[in-house]
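> Just to be clear, the model below is a prediction. Sequence and coordinates:
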Amino acid sequence: MEETDPDMMVATCRTEGCVAEGIHYKVPMFPNVDPPTYRAVCAQCGQAVTDLVPA
Ligand SMILES: [Zn+2]
């Protein structure tokens, strides 16, 4: 197994009314395919976080 360094991404929930809406969370993410795709789920509202940008 090859060790892969995580990419730091800033995830921001955009779900209206979510307590985490608009809050930027810096999270490490591991790309596992090429091209890498990143998926995050908001811990507060459980919705997919669509606002993901490289940190
Ligand atoms: Zn949320």
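Ah, there it is.
> shaky segments in this protein?
The chain contains residues with pLDDT under 70 at 1-2, 32-33, 36.
> make it 80
Across the chain, the ranges flagged by pLDDT under 80 are 1-4, 31-38.
> That one against the ion: which residues are in contact?
Cys13, Thr15, Cys18, Ala20, Cys42, Gln44, Cys45 (Cβ under 5 Å from the ion). Backbone N, C-alpha and C define where each C-beta goes, glycine included.
> any chance of the residues you listed in CSV, plus secondary structure?
Shown next, in CSV, are the residues of the chain next to the ion (DSSP: H, G, I helix; E, B strand; the rest coil):
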residue, secondary structure
Cys13, strand
Thr15, coil
Cys18, coil
Ala20, coil
Cys42, coil
Gln44, coil
Cys45, coil
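> Using PyMOL, define a selection of the buried residues within the residues you listed.
Per 16 or more other Cβ atoms under 10 Å, the buried members of the residues of the chain next to the ion correspond to this PyMOL selection:
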select buried, resi 13+15+18+20+42+45
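> Of the residues of the chain next to the ion, which is the nearest to Pro54?
Distance ranking of the residues of the chain next to the ion against Pro54, using Cβ to Cβ, places Cys13 first at 17.5 Å.
> For beta bridges, what are the partners of the closest one?
Glu21 (DSSP bridges).
> which residues in this protein form strands?
7-12, 24-29, 51-54 (DSSP state E).
> So which of these is the most surrounded?
Neighbour counts (mean count of other Cβ atoms under 10 Å) averaged over each of the strands of the chain peak at strand 7-12, with a mean of 16.
> Can you give the strand pairings for that one, parallel or anti for each?
strand 24-29 (antiparallel), strand 51-54 (antiparallel).
> any chance of these in CSV, with distance to Thr37 too?
Listed next are these as CSV, based on distance: least, Cβ to Cβ, whole Å:
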stretch, distance to Thr37
strand 24-29, 10
strand 51-54, 10
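> coming back round to it: of all the strands of the chain, which one comes closest to Pro35?
Here strand 7-12 is closest among the strands of the chain (Cβ to Cβ), at 12.2 Å.
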